[in-house]
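[1] with the input below, show me the fold.
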Amino acid sequence: MLHVDRAELAQTRVPYRPEPHFFPLEREKLTDENNGNARLPAEQLQRLAYIYRVHLLSLEAQINADPVSAEDYITDALHAIQTLLDDHPEMRNSRQFAELYRTVMTEYQEFYGITDSIVDVQGEIFQVHRELMMAEQEDWFDKQKFVLPENLEIGKTQVPLIRNQQVNNHIAYLTVRRPEIMERWLERSARYFPMMREIFREENVPEELVHLAMIESGLVPTARSHARAVGMWQFIYATGSVYGLEVNWWIDERRDPVKATRAAARHLRDLHEYWNGDWHLALANYNVSTRRMLSSVRRAGGVRNYWEIYPFLPRETRGYVPGFIAATLVAMNPEDFGFEKH
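    Residues are numbered from 1 along each chain as shown. So this is what the prediction gives:
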C-alpha cells in the first residue's frame, strides 16, 4: 500500500489551475524526436512524478472507501496536468506525458461514470471561471482605487446579498478588471431574463436567482464544460434527466433556454428544501456534489452555514457563491457601476 503524507505532498504541489481545458491527445502525432530518444528536463520529470503520485493516492483512497479524498486527488492531478501544459506547451508531443494523461483521464472517466470521450470546452465562461477562482489568491479590490457605490438599490431579495471581502473581490473583477465580460452578460440578460423571471415566479423560486446563469454559462445556451455539463444552466445528463430534459441523438433539451430554465428552477427549489431554507448552501450544492458538501459540513464541525464551511469547500465552490452575489449586485445596479441599463 502506498503511504504518502498529504501535508508533505502539498509542499510540492504545483500552482492551482481550476477548470482544466481537456483535449484528445489521440489526435496528436507523437514524434520520435520529441519523445522517443530525447530525455525530458529534470523539472518536467519531477512534475510528471508528482502527478503519478497524486493519481496513486486517488486509487488508494478508493480502495479505502474514501470517495471524497479520491475526488480531491483526481481533481489535483487534472489541475497539475493543465498547469504543466500551461508552462510547457511542448509537452503535448511527449510520449511520457501522453501516457500519463491517458492514465489520469481514464480514472477520471471511471470515477464519474463517463462512458464517452472527453471533449473540448465550449464557451468563454470557463476562462472566466479560471480567472475568478484566482480571486482567492489575488486581491483585486484596491480600496484606494476602487470605491463601491453607496446606497445601492438592492430591493427586497430572498437570497441574502451580503458584502464581504470575497464578494468585493469578485465585484472588482467584473467591473474593473474585466468589465467587457459583465457588459456582454448584461446585453444577453435583456434577451433571456424576462423569460427566466416569469418561469422562476411560476416555480416559486426567487427571481434574483436568474443571475446564477451568468456564473454558470455567461448566458450562452450552447456552453459545454469538460465534464459534459451543457447549456445555459450546465446540466449533466443524469441531473437533466431527473428534471425531464431529454437528451438523445436528435435533441439535447439542456440547450433549450426555456426548458433548461424550468429544470434549473425546480432543481434549485429542491436543493433549497434539502438545506432547510439556506439559499447559500443550496447554491453551493448546485455547483458541487451533495457528498462533497456533507463532507465539508463535517469538517467544519457539523455547522450548516456556507461561510462557516467555506474553507473546507473545493476552490471552485468557494468562489461560486461570492461570484453569484457580485454578478447579482452589479446586474441589479448597472448604472451605479458604470454600465448601461439594458
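[2] after the longest helix along the chain, next one along is what?
    In the chain, taking DSSP state H as the definition, the longest helix is helix 179-202. Counting by DSSP states H and E, the element after helix 179-202 in chain order, helix or strand, is helix 212-217.
[3] check residue 188 and give its pLDDT.
    You'll see residue 188 listed with a pLDDT of 93.
[4] now the residue nearest to it when sequence neighbours are not counted: how far from residue 252?
    Leaving out its chain neighbours, the residue that sits closest to residue 188 by Cβ to Cβ, 6 or more residues apart in numbering is residue 219, at 3.8 Å. In short, each C-beta sits where N, CA and C put it, glycine included. Going from residue 219 to residue 252 by Cβ to Cβ, to the nearest Å gives 18 Å.
[5] who has more neighbours, the two?
    With neighbours defined as other Cβ atoms under 10 Å, residue 219 and residue 252 compare such that residue 219 has more, 25 against 19.
[6] quick one: contacts for that one?
    Counting by Cβ atoms under 8 Å, 6 or more residues apart in numbering, residue 219 touches 185, 188-189, 191-192, 213, 232.
[7] let's go with 7 Å and repeat that
    Residues in contact with residue 219 (Cβ atoms under 7 Å, 6 or more residues apart in numbering) are 185, 188-189, 192, 213, 232.
[8] pretty sure the residue nearest to residue 188 sits in a helix.
    No - read with DSSP: H, G, I helix; E, B strand; the rest coil, residue 219 is coil and lies in no helix.
[9] most neighbours, which of the contacts of residue 219?
    Highest count within the contacts of residue 219 by other Cβ under 10 Å belongs to residue 213, 30 neighbours.
[10] I'd say that one and residue 235 touch.
    No - applying Cβ atoms under 7 Å, one finds residue 213 not in contact with residue 235, separated by 11.8 Å.
[11] give me the phi and psi angles of residue 224.
    phi -150, psi 120 (degrees, to the nearest 10).
[12] beta partners of it?
    residue 122, residue 230 (DSSP bridges).
[13] how far away is it from residue 217?
    For residue 224 relative to residue 217 (Cβ to Cβ), the value is 9 Å.
[14] how about stretch 188-195 as PDB, C-alpha atoms only?
    The C-alpha trace of stretch 188-195 is given here as PDB (Å, rounded to 0.1, in the frame of the first residue of the first chain):
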ATOM      1  CA  ARG A 188     -27.600  38.900 -23.100                       C
ATOM      2  CA  SER A 189     -29.700  39.300 -20.000                       C
ATOM      3  CA  ALA A 190     -32.000  41.700 -21.900                       C
ATOM      4  CA  ARG A 191     -32.900  38.800 -24.100                       C
ATOM      5  CA  TYR A 192     -33.200  35.900 -21.500                       C
ATOM      6  CA  PHE A 193     -34.100  37.400 -18.100                       C
ATOM      7  CA  PRO A 194     -37.700  38.300 -18.800                       C
ATOM      8  CA  MET A 195     -38.400  34.700 -19.700                       C
END
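[15] distance from that stretch to the middle of the chain?
    23 Å (Cα atoms, centre = their mean, to the nearest Å).
[16] neighbouring contacts of the longest helix of the chain?
    The contact list for helix 179-202 (Cβ under 7 Å, 6+ apart) reads 128, 174-175, 206-207, 209-210, 213-214, 218-219, 257-258, 261-262, 265, 330-331, 334, 339, 342.
[17] how does it look with 8 Å?
    Residues contacting helix 179-202 (Cβ under 8 Å, 6+ apart): 124, 128, 174-175, 206-207, 209-210, 213-214, 218-220, 232, 257-258, 261-262, 265, 327, 330-331, 334, 337-340, 342.
[18] buried ones only from those, please, as a PyMOL command.
    Of those, the buried ones go into a single PyMOL selection, burial set by 16 or more other Cβ atoms under 10 Å:
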select buried, resi 128+174+175+206+207+209+210+213+214+218+219+220+232+257+261+262+265+327+330+331+334+337+339
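[19] quick one: terminal-to-terminal distance for stretch 243-257?
    End-to-end span of stretch 243-257 (Cα to Cα, to the nearest Å): 14 Å.
[20] quick check: buried residues in it?
    243, 245, 247, 252-257.
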